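Asks: Quick one: sequence and predicted model below, then my questions.
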Amino acid sequence: MSRRLKQGISQCMIVKNEESNIERALSWGKGSVSEQIVVDTGSTDRTVEIARNMGAKVYEFPWIDDFAAAKNYAISKANCEWIAFLDADEYFSKEDGKKLAHYLKQLQGTAYDGIVTAFVELDNEGKVLTAGTHLRIFRNMPELKYYRKIHECLKKDGAGEMSAGDLTKELTIYHTGYGKAENARKKESRRNLNMILAELSQHPDDYEMYGYLGNEYSGMGELEKAEESYQKSIALMQKCMRRDYGVTTSGIWQRLLEVITLMPEKSEEEILDVYRQAREKWPEEGDYDYILGQYYGVRGNYQAGERHLRQALELLERYGHTAKSSLLSGHILKVYEMLAMCCFNNGNLEECVKITA
């Protein structure tokens, strides 16, 4: 027998040792959501105490090296028609938190399963690293579940593809989990790497997981292993996914291109070959030209640098940043600085003045 759900939003999260983040993670939802559900997976700090003091419903879930299992347990405790599932190091602004309830009321009579919002990653100083999109708001329905032990994804089980409304211009989620200390801790523990390898041992044809494996190796500075993982991901990727933009499709080519531009043994022609393949398959992606513009700019080939940076900005303006051009969007000031430098060195002083004005 299905549960009778209440109108409103259930804010859900899974946590472990998040005492430095939990207050902010819960604060944005106060007055905007109907309930706040915190599933703790083994904290040894004050996370649980703070969450309870703030009025959240706290549940314990033994950690079994499975993010999807923990998240699905949290969903099972939700009593409202909509779920906002953000991590403890993610948040809406107070203003967007209030707007969220308003927009969901407008979607009440639609067939949307969820909504896509803007997603901005910040470093410890509050500077933007990347800007993209994510689906973290969705209906509370039995067929919507998380899958995979790590880099879990939300899927509509046995009922076709999810349909999502686009609120990327109205709502933004901020993610602050990319500080140097936190990244160093994750690399040292190798937790994510080991979980990805375990997932691949069970699902050796999972192209997305090979992409995530490449990310882990890249973050550890093991560029050859990263390149190998990305190439394996691309080989397994089905042709029907071409032109389907996202972190696990066009984004894999973006990260491959990034990695090989950092490998001194790679020739310019090898780099251009990857660039051409990527542009052929995902012609609306601006990050490929941004990466190449950076590559040429720092090497003093200012004409090529200017050409690719201009093309990157043109693609961003024409196609936007929904599911694409995340690096370009997040580093837009850096792009214009590099473009101004290229214009100056190319003797294009009038354009240089326009850019810096």
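Replies: Structure received. Please read all numbers here as calculations on a predicted model, not as lab measurements. Numbers count the residues shown, from 1 in each chain.
Asks: helix or strand right after the helix or strand bottoming out on mean pLDDT in the chain?
Replies: For the chain, using mean pLDDT, DSSP states H and E, the weakest element among its helices and strands is helix 180-189, scoring a mean of 52. Heading C-terminal from helix 180-189, the first helix or strand you meet, by DSSP states H and E, is helix 191-202.
Asks: Show residues contacting the next helix or strand after that following helix.
Replies: Using DSSP H and E, the next helix or strand after helix 191-202 towards the C-terminus is helix 207-219. Here helix 207-219 makes contact (CB atoms under 8 Å, 6 or more residues apart in numbering) with 148, 150-151, 153, 183, 187, 192-193, 196-197, 199-200, 203, 223, 225-230, 232-238, 247-248, 251-252, 255-256, 258-259. Quick note: C-beta positions are derived from backbone N, CA and C, even for glycine.
Asks: for stretch 297-308, same thing?
Replies: 289-290, 292-296, 309, 338-339, 341-343, 345-346, 348.
Asks: how about 6 Å then?
Replies: Contacts of stretch 297-308 from elsewhere in the structure, counted by CB atoms under 6 Å, 6 or more residues apart in numbering, are 289, 292-293, 296, 338, 342-343, 345-346.
Asks: And the strands in the stretch 1-150 of the chain?
Replies: 6-15, 35-40, 57-60, 80-85, 90-92, 114-122, 128-139, 144-147 (DSSP state E, counting those that start in this stretch).
Asks: What segments of the stretch 151-300 of the chain are helices?
Replies: Along the stretch 151-300 of the chain, counting by DSSP state H, counting those that start in this stretch, helices occupy 180-189, 191-202, 207-219, 223-236, 250-261, 268-281, 287-298.
Asks: buried set for the fourth one?
Replies: Of the residues in helix 223-236, those buried under the neighbour-count criterion (16 or more other CB atoms under 10 Å) are 223, 225-227, 229-230, 232-234.
Asks: will you turn the residues you listed into CSV that also has distance to residue 51 and pLDDT?
Replies: Below are the buried residues of helix 223-236 laid out as CSV (distance: CB to CB, whole Å; pLDDT from 0 to 100):
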residue, distance to residue 51, pLDDT
223, 40, 97
225, 38, 97
226, 37, 97
227, 42, 98
229, 37, 97
230, 38, 97
232, 40, 96
233, 37, 96
234, 42, 94
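Asks: want to try a markdown table for those residues, with distance to residue 22 as columns?
Replies: Below are these laid out as a markdown table (distance: CB to CB, whole Å):
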| residue | distance to residue 22 |
| --- | --- |
| 223 | 36 |
| 225 | 35 |
| 226 | 33 |
| 227 | 38 |
| 229 | 34 |
| 230 | 35 |
| 232 | 38 |
| 233 | 34 |
| 234 | 39 |
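Asks: and which of those residues is nearest to residue 281?
Replies: Distance to residue 281 across the buried residues of helix 223-236 (CB to CB) is lowest for residue 234, with 9.5 Å.
Asks: Can you get me a residue count around the residue lying closest to that closest one once chain neighbours are set aside?
Replies: Nearest residue to residue 234, sequence neighbours excluded (CB to CB, 6 or more residues apart in numbering): residue 252, at 6.3 Å. Residues near residue 252, counting by other CB atoms under 10 Å, number 25.
Asks: again with residue 329
Replies: By other CB under 10 Å, neighbour count at residue 329 equals 21.
Asks: on that earlier part again, how about the strands of the stretch 1-150 of the chain, which one is nearest residue 68?
Replies: The nearest among these, by CB to CB, is strand 144-147 at 4.0 Å.
Asks: Can I get that closest one in CSV, CA atoms only?
Replies: Output in CSV follows, covering the C-alpha atoms of strand 144-147 (Å, rounded to 0.1, in the frame of the first residue of the first chain):
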residue,chain,number,x,y,z
LEU,A,144,12.5,7.1,-8.6
LYS,A,145,15.6,5.6,-6.9
TYR,A,146,19.3,6.1,-6.8
TYR,A,147,21.6,3.4,-8.4
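Asks: Would you mind pulling up the elements that it packs against?
Replies: With contacts taken as 3 or more CB pairs under 6 Å, 6 or more residues apart in numbering; DSSP states H and E, strand 144-147 sits against helix 67-76, strand 153-156.
Asks: No more questions from me, cheers.
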